[in-house]
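Undergrad: Fold the following.
(2 chains)
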Amino acid sequence: MLVVALAAAIGLLVGYQVNSDSGPVVPADDSVDAGFARDMQVHHSQAVDMAMIVRDNTDDPAVRTIAYDIALTQRQQIGQMYAWLDIWGLSQYSQNPTMSWMSDDSGHDMEHMDDSEPVSASLMPGMATSEEMNELRAARGQDAEILFLQLMIRHHMGGIEMAQYAADHAEVEQVRQLAETMVTSQTAEIDAMNDMLVERGAEPIE
Amino acid sequence: MASKQSKASKQSKAKERQERLRELQNQQKRAERRRNYLIFGGTAVVALLIIGGTAYGLMRQDDSVAGVDGVEHFTDLSNNHVPGDVDYAQNPPVGGDHNEVWQNCGYYTEPVENVNAVHSLEHGAVWITYSPDLPDDQVEALQSLATQGAFVLVTPYDDLPSPIVVSSWGYQLQLDNADDSRIQQFMDEFMQAGDAPEIGAPCTGGTGTPQFSG
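TA: As a prediction, this is how the structure comes out:
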C-alpha cells in the first residue's frame, strides 16, 4: 500500500515535470498550429462537399473515383485536426479572423470573389464561391465533371499554399507532418486532374 | 555461591532480555506508527490529488458552461428521425426529434424548417436566428459570422422571444443586438462542442443553398 501510494505520488510529480519540461507542445490559441487546424477543417469540408456533389451528378468512373479519394481522405484529415484542437483544450471556432495565422497574406486568392458579395466574406485561398457551388450542384454529366475538376484544382492550389505555410511554421511535429502530406498528395492530385481536364477538352480556371 | 552467582546472572540476563524485548517492541511500534503515518499520509496525498484534480476539472467544466452570461441549458432531448413537423418545447428549438435531412450551414434570407435545422444542431452547428425586422447593418454582422466557419447557420425566424436567439444542441442565448460579444463567445463555447450528439457529421450535403457558406 505504502509503495503503491508513494509510487503514484511520485509518478504524478514526475509526470508533471516531464510534461512541463519536454512533453507534447500545446500551441496557443493564436498559433499557426491552431489557426491551420481550424481553417483547414473549413477548407477541407468544402472539398468534401464538392466531391460528394460530383459523385451524385456524373456516372464517369474516373471522376467518381478521384472524388471518392478526395472526400474520404480529407474527411479523415478533418478528424485529425478536430482532435488536435480538442487535445490542446482549444475551441473549434475562434474569434481570430480567418487566415490571420498566415502572416504573409500576399498569396490570398481573392480574385474570384464576386463583387456583389460583402467584403466580410472571408474566402480562404482557392475556395469556391456559393455561386460556383450552386453551378456545380446544377451541372450534370461532363459539364459537372469539368466544373468539378476546375474548382478542385484551384481549391487544391489554395490548400497547398496554406499547408505549405503550416509545414514551414507550425510548432507541433504532427501538424507539420500532416501539412506536408497535404502538399505532396494534393500536388499529385492536381496533375491527375489536369490530365482529366485535357481529356475532356477543357482547361484550368484562375 | 557459584550457584547463587549463576542464579543472579541468570536473573540479570533474563531482565536484560526483557528490556531488550521491550526495546525491540517499542522500536517495532515506532516503526509501525511511522509506517502508518506514511501509508495514511501517502494515501491522503494521492486521494487529495485525485479529488483536487477532479474538482479542478469539474470547476473548469462548470466555468465553461457559465462562461457565457445568460445561456440556458436544456437536457433530455430526444434525437429520432421522424417525418413531418415536430412540436418543440423551445422557441426556436434547441434539439429533439428531426427530419432525416439536415439544413446546410450558411446564411439564409428566408426561414428554414425547424426539423432540418435541428438536425444541423445535432451535427454540432450553432444556429443564429434573427427577427425579420432586425436592422440591415445587424443582419450583415450576423451574415459575416456565417462565413467564418462551416458549422454556422444564420436564418430569419418569426416570433422570436428576442431580436436575436443563438442556439446549439441543448443551449440557447437570447440577445438584443448583433454587436453583443456573447454571440462570438457562444460560438467559441458551443460550435462543434457542448451536448451535440453527432459532432463530426457534416453541415453540408443536406438541404438548402445558403447565400454564403464556408
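
Undergrad: these two touch, right, B:Gly124 and B:Gln192?
TA: Yes. Shown here, B:Gly124 and B:Gln192 form a contact pair, counting by Cβ atoms under 8 Å, at 3.9 Å. (Each C-beta comes from the backbone N, C-alpha and C, glycine too.)

Undergrad: Would you mind stating the distance between B:Ile183 and B:Asn91?
TA: For B:Ile183, the distance to B:Asn91 equals 19 Å [Cβ to Cβ, to the nearest Å].

Undergrad: Now do the helices in the chain.
TA: This is for chain A. For chain A, the helices defined by DSSP state H occupy A:2-22, A:32-57, A:61-87, A:130-138, A:141-169, A:173-199.

Undergrad: Switch to chain B, please.
TA: In order along the chain, chain B carries the following helices (DSSP H): B:2-66, B:114-122, B:136-146, B:182-190.

Undergrad: is stretch B:94-112 anywhere near chain A?
TA: Yes. Interface with chain A: stretch B:94-112 contributes B:Gly106 (Cβ under 8 Å from any Cβ of the partner chain).

Undergrad: Please identify the buried residues of that stretch?
TA: Buried residues in stretch B:94-112, counted by 16 or more other Cβ atoms under 10 Å in any protein chain shown: B:94-99, B:101-108, B:112.

Undergrad: any weak-confidence spans in chain A?
TA: A:1-22, A:104-122 (pLDDT under 70).

Undergrad: returning to that earlier point: neighbour count winner among B:Ile183 and B:Asn91?
TA: Neighbours were counted for B:Ile183 and for B:Asn91 using other Cβ atoms under 10 Å in any protein chain shown; B:Ile183 has more, 21 against 15.

Undergrad: Tell me the predicted confidence for the more buried one.
TA: At B:Ile183 the predicted local distance difference test score is 96.

Undergrad: Now do the same contact list for it.
TA: B:Ile128, B:Leu142, B:Leu145, B:Ile164, B:Val166, B:Leu173, B:Leu175 (Cβ atoms under 8 Å, 6 or more residues apart in numbering or on different chains).

Undergrad: Neighbour-wise, give me the winner out of the residues you listed.
TA: Using other Cβ under 10 Å as the neighbour test, the contacts of B:Ile183 are led by B:Val166, with 29 neighbours.

Undergrad: Not counting stretch A:192-206 itself, show me its contacts.
TA: By Cβ under 8 Å, 6+ apart, the list of residues contacting stretch A:192-206 from outside reads A:62-63, A:66, A:111-112, A:142, A:145-146, A:149-154, A:156.

Undergrad: Centroid-nearest residue for chain A?
TA: In chain A, the residue lying closest to the centroid (Cα atoms, centre = their mean) is A:Met40, at 3.2 Å.

Undergrad: tell me the contacts of that residue?
TA: Contact criterion Cβ under 8 Å, 6+ apart gives A:Gln77, A:Met81, A:Gly159, A:Met162, A:Ala163, A:Ala166, A:Met182 as the residues in contact with A:Met40.

Undergrad: What's the local residue count around the residue nearest to the last one when sequence neighbours are not counted?
TA: Spatial nearest neighbour of A:Met182, chain neighbours left out: A:Ala163 (4.0 Å); criterion: Cβ to Cβ, 6 or more residues apart in numbering or on different chains. The burial count assigned to A:Ala163 is 26, neighbours taken as other Cβ under 10 Å.

Undergrad: wait, doesn't A:Ala163 sit right on A:Ala179?
TA: Yes. Counting by Cβ under 8 Å, A:Ala163 touches A:Ala179, with 4.3 Å between them.
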